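>>> Please work out how this folds:
(chains A and B)
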Amino acid sequence: MRSVAWPRKARIVLSLLFLVLTAFLFLDPAQFITVSLIKTITWPQFTPSLLKFLVTGSLAATGFLLFILLTFLFGRLYCSSVCPLGTLQDIISRLVRLIRPRKPLRFARPRNLLRYSILAVVIIAFLAGTSLLVNFLDPYSNFGRIMANIFRPAVLAGNNTLAGILEKQDVFWLTRTPFKGYQIMSIGFASGFLILLTWMAAVRGRLYCNTVCPVGALLGLFSKASLYRISLDKQLCNSCGQCSKVCKAQCIDVKSREIDYSRCVACFNCLDACPSSGVVYRFAFAHKNTASVIQSETGSARRRTLLKAIAAGTALITSKVFAVRITGGEKPTEIPEERTLVASPPGSLGHEHFNLQCTACHLCVSACPTHVLQPSFLHYGLQGVMQPYMDYHSGFCNFECTVCTEVCPTGALLPVFNEQKKTLQLGVAVFIKENCVVYTDETDCGACSEHCPTKAVDMVLYKNGLTIPEVDDTICVGCGACEYACPTRPYRAIFVEGNRIHKEADKPEHETIVLEESGEDFPF
Amino acid sequence: MKRRDFIVKGISAGLVSGSLAGLGGLPLLTQAAAPSNNYDLVAVRDGEPEVMFDRAIASLGGMSKYVKKGQKVVVKPNIGWDVSPERGGNTNPKLVARIIKHCLDAGASDVYVFDNTCDAWNLCYKNSGIEKAVKDAGGKIVPGNTENYYKSIAIPGGKRLKEAKVHELILNSDVFINVPILKHHSSASISLAMKNLMGIVWDRRFWHRNDLHQCIADLTTWRVPTLNVIDGYRVMLRNGPRGVSEADVVLMKQMIVSSDIVAADAAATLIFGSKPEDIPHIRMAHEMKVGTMDLSKLNINRIKI
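So this is what the prediction gives:
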């Protein structure tokens, strides 16, 4: 009797489907994917869904609940099929073995102390007010960063080359998307992570999932007691060890014929591999040794103060470091933009909510049509490393656009309706007259006012028929169009000071125009 | 108005209403309305954009005077902003479509349309209604969002702007039709045909940093469009160039068509209610002899529909 192959086949098909779809969200060169499809694809992702549920409590964020339930029923299906980082590891492991065959895997002891300590620290840190560790360790977000920071530039290069070739044939179906503002920190982190992951996957299969990954550790607690599970049939199994060789979780102990269910990622390789049908996947009454769920304590006030101090310090340093930029040959401006706070993206409510909720997956960075959303370094302080911020030197926030607020899977950005967005104040423009072309060169410019969607930056009479910008901060929405368009270097003459908590701006109002009839048909 | 003009116009008007009856008899119109005048500039008012353009181009001798069989045409409207046509921030899509149709009827092999936008380019193309209008009319809408499209040119006649990177379509096409919209502009006072040429270059930052008006005038010394069609149908009278709401826009139903970019701008400036000599870049281009802002010396056809 041959073993059961279909569960493994189904798992492979499903996992590839999730991998390809999720990867495409981050690689999509020309916004082929609609917002609703993006939401559907990210819905089952565990950490984003859990975080979003904590904020909204809505049905739209119950993907994680489904997978807790499924884990309890069937084992870690999330880890086997849905988690894109899991599948990526499988592919890496496979490729490495194709290139250089190595000894098959075998049973290894769990590193439970390390594993549950990491989970506990991640939860404690989150409750203490920082999502930094979630950000560093969450599998979905790391996958997103690998795609958005390493693979996306390559895809865009390919896309742009292909677009160029098509254009030569007079076909303008594919359009070019420029590279913009990739941040060294995010590229570095994603690359380092990928290298580490490659090594772990090559040497030890799903080591990351069963030692480092907080989602893996958490779901492991449920899979320990799952109702359907793999087991070695005492009658049929002859301890040949074939199952153990294909077990990427290294959780089958052939000698004792026991399986560490907390580490089993439900890949079903063993079902297929067993020559004697000794590995079975069947209903079992849950064991009584359910692990005690780690109770996380709330962080102390001291910890919080310490984190805030680090944050403030790093924010101060970076505002200086990032202010230096090259000039284009003209007389350089001298007054730095003294920005104390960057603006957080629309829908983020403000820095605190955003920094806590965002896992820096960079989906919004990939989806933003104007490229204003860029991964930060220390712009928010240490706790916000790699979280996107409004980089007004890279682009500006399109007045009518709400894409980022719609695609965010973690609830860091909450939906903003179009009319709301038009008065949503992310920050306020600050004018530095001494840097302004009108002041230094006494020539017309007005690039800032030109781009301003509310005319919060308006041109007022200056001298000799010249006009100079003036900011009305009651109607300014902090979109950064003025800062982006300002032509002075290295420092701009206008910049946006972020609002720590987003505000509502007034609506711009103007009287209706009454035209006087001149009486003549043509004035010439 | 001379009596002969009146007769010519009377004929073309009759034909226009005939074509509007649903026959779309454009080639007939352009042939029938052969000009007996060489107008320097045509001003039309009180019609729909398509009708005004039909009348204007007919009185100039038809599109076949500018577009020969098999030629490549580039039409450059203003598509700078992510706003609807009602906001008057971008050229009227109906006008763009009509121009394309005239070009194709005159035998153009291809008609391309692009702009280097200010807001996100794909949103501008879509929400201005121009992308769809171009495709429906048989033209090709082309992106201008990356530097690859722009090639370096030298501007020997420029005072501040000595070189620029210009969209390859401008360099590769036989005919260049410039189709700006008449509107207020917070930087350049008013945005017209000369200002619209900022959308054919890549680096606008340099212009703003190095005397905007002079740079606008400088580029026109390099090359002027074959034809300038200024859309004054919906006119943004304040808060330009983007506009804040529809309250900034007034329905004026005007159009200026001329090969003289300076004259076209001067005429449109007067319609807007300003004086051409008060707009530095118009004055500069006039002084650099790109064209003339002195309308009294021109043969102007004034058409009131």
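
>>> all contacts plus neighbour counts: C-alpha atoms, from now on.
OK.

>>> ok, residue B:68 to residue B:58 distance?
According to CA to CA, to the nearest Å, residue B:68 and residue B:58 sit 16 Å apart.

>>> So for those two, which sits in the more crowded spot?
More neighbours surround residue B:58 than the other of residue B:68 and residue B:58, with 26 against 18 (other CA atoms under 10 Å in any protein chain shown).

>>> Would you confirm that that one belongs to a strand?
No: using DSSP: H, G, I helix; E, B strand; the rest coil, the assignment for residue B:58 is helix, not a strand.

>>> name the helices or strands packed onto the helix or strand containing residue A:164?
According to DSSP states H and E, residue A:164 maps onto helix A:152-168. Applying 3 or more CA pairs under 8 Å, 6 or more residues apart in numbering or on different chains; DSSP states H and E, we find helix A:152-168 packed against helix A:6-27.

>>> what sits against whatever residue of the stretch 101-250 of chain B ends up closest to chain A?
With CA to the nearest CA, the shortest gap between the stretch 101-250 of chain B and chain A falls at residue B:187, namely 4.3 Å. Residues near residue B:187 by CA atoms under 8 Å, 6 or more residues apart in numbering or on different chains: A:444, A:445, A:446, A:447, A:449, A:450, A:459.

>>> change it to 6 Å
Shown in contact with residue B:187 (CA atoms under 6 Å, 6 or more residues apart in numbering or on different chains): A:445, A:446.

>>> Please apply the same query to residue A:251.
A:107, A:259, A:260.

>>> Quick check: residues of chain A near chain B?
A:370, A:443, A:445, A:446, A:450, A:454, A:487, A:512 (CA under 6 Å from any CA of the partner chain).

>>> Where does the residue nearest to residue B:118 when sequence neighbours are not counted fall, secondary structure wise?
Of all residues not flanking residue B:118 in the chain, residue B:80 sits nearest, at 5.0 Å (CA to CA, 6 or more residues apart in numbering or on different chains). Under DSSP H and E, no helix or strand contains residue B:80.

>>> mind checking pLDDT for residue B:80?
Note on residue B:80: pLDDT of 97.

>>> cool, residue A:516 as well?
77.

>>> Same question for residue B:134.
Taking residue B:134 on its own, its pLDDT is 98.

>>> can you check residue B:36 too?
At residue B:36, pLDDT is 52.

>>> what's the answer for the one 3 residues further on, then?
Per-residue pLDDT puts residue B:39 at 96.

>>> that older thread, and for the helix holding residue A:164, what's in contact with it?
A:27, A:29, A:174, A:175, A:176.

>>> Are we agreed that residue A:366 is in a helix?
Yes: assessed by three-state DSSP, residue A:366 belongs to a helix.

>>> which stretches of the chain have low pLDDT?
By default, I'm working from chain A. Within chain A, the ranges that satisfy pLDDT under 70 run A:1-3, A:181, A:285-329.

>>> Please refer instead to chain B.
In chain B, residues with pLDDT under 70: B:1-36.

>>> Get me the contact residues on it for chain A.
B:120, B:186, B:187, B:205, B:208, B:209, B:211, B:241, B:244, B:247.

>>> would you list every one of the strands in chain B?
Counting by DSSP state E, chain B has these strands, from start to end: B:41-45, B:72-77, B:110-113, B:140-141, B:150-154, B:163-167, B:175-179, B:181-185, B:189-191, B:227-236, B:249-258, B:300-304.

>>> With respect to residue B:88, which of these lies nearest?
strand B:227-236 (5.5 Å; CA to CA).

>>> Turn the contacts of helix A:152-168 into JSON lines, columns for secondary structure and neighbour count.
Formatted as JSON lines, these follow (DSSP: H, G, I helix; E, B strand; the rest coil; neighbours: other CA atoms under 10 Å in any protein chain shown):
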{"residue": "A:27", "secondary structure": "helix", "neighbour count": "24"}
{"residue": "A:29", "secondary structure": "coil", "neighbour count": "24"}
{"residue": "A:174", "secondary structure": "coil", "neighbour count": "17"}
{"residue": "A:175", "secondary structure": "coil", "neighbour count": "23"}
{"residue": "A:176", "secondary structure": "coil", "neighbour count": "23"}
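
>>> rewinding a little: among the residues of chain B next to chain A, which are in helices?
B:205, B:208, B:209 (DSSP state H).

>>> top of the residues you listed by neighbour count?
Going by other CA under 10 Å, residue B:208 tops these with 26 neighbours.

>>> which non-adjacent residue is nearest that residue?
Per CA to CA, 6+ apart, closest to residue B:208 is residue A:445, 5.0 Å.

>>> Contact partners for the closest residue to chain B within chain A?
Chain B sits closest to residue A:446 of chain A, with a gap of 4.3 Å, by CA to the nearest CA. Residue A:446 is in contact with residue B:187, counting by CA under 6 Å, 6+ apart.

>>> Based on its surroundings, how many neighbours for residue 99?
Using chain A here. Neighbours of residue A:99 (other CA under 10 Å): 8.

>>> oops, chain B please
Going by other CA under 10 Å, the residues that sit close to residue B:99 add up to 25.

>>> gap between the nearest residue to it once chain neighbours are set aside and residue B:232?
Residue nearest to residue B:99 in three dimensions, not counting chain neighbours: residue B:53, with 7.7 Å by CA to CA, 6+ apart. Here residue B:53 is placed at a distance of 11 Å from residue B:232 (CA to CA).

>>> ok, now residue B:270?
12 Å.

>>> Between the two, which is the more surrounded one?
Per other CA under 10 Å, whichever of residue B:270 and residue B:232 has more neighbours is residue B:232, with 28 against 14.

>>> So which residues of the stretch 401-524 of chain A form strands?
A:424-431, A:457-461, A:467-471, A:494-504 (DSSP state E, counting those that start in this stretch).

>>> check contacts around residue 46.
In the absence of a named chain, this looks at chain A. Here residue A:46 is in contact with residue A:64 (CA under 6 Å, 6+ apart).

>>> you looked at the wrong chain, it should be chain B
So residue B:46 contacts B:253, B:305 (CA under 6 Å, 6+ apart).

>>> Show me how far the helix or strand that comes right after the helix holding residue A:164 is from its chain's centre.
Counting by DSSP H and E, the next helix or strand C-terminal to helix A:152-168 is helix A:184-204. Distance of helix A:184-204 from the chain centroid (CA atoms, centre = their mean, to the nearest Å) equals 17 Å.

>>> C-terminal to helix A:184-204, what's the next element?
Where DSSP H and E defines the elements, the next helix or strand beyond helix A:184-204 is helix A:207.

>>> ok, and what's touching that following helix?
Outside helix A:207, not a single residue reaches it (CA under 6 Å, 6+ apart).

>>> Out of the contacts of residue A:251, which is nearest to residue B:165?
Taking these together and measuring to residue B:165 by CA to CA, the closest member is residue A:107, at 63.9 Å.
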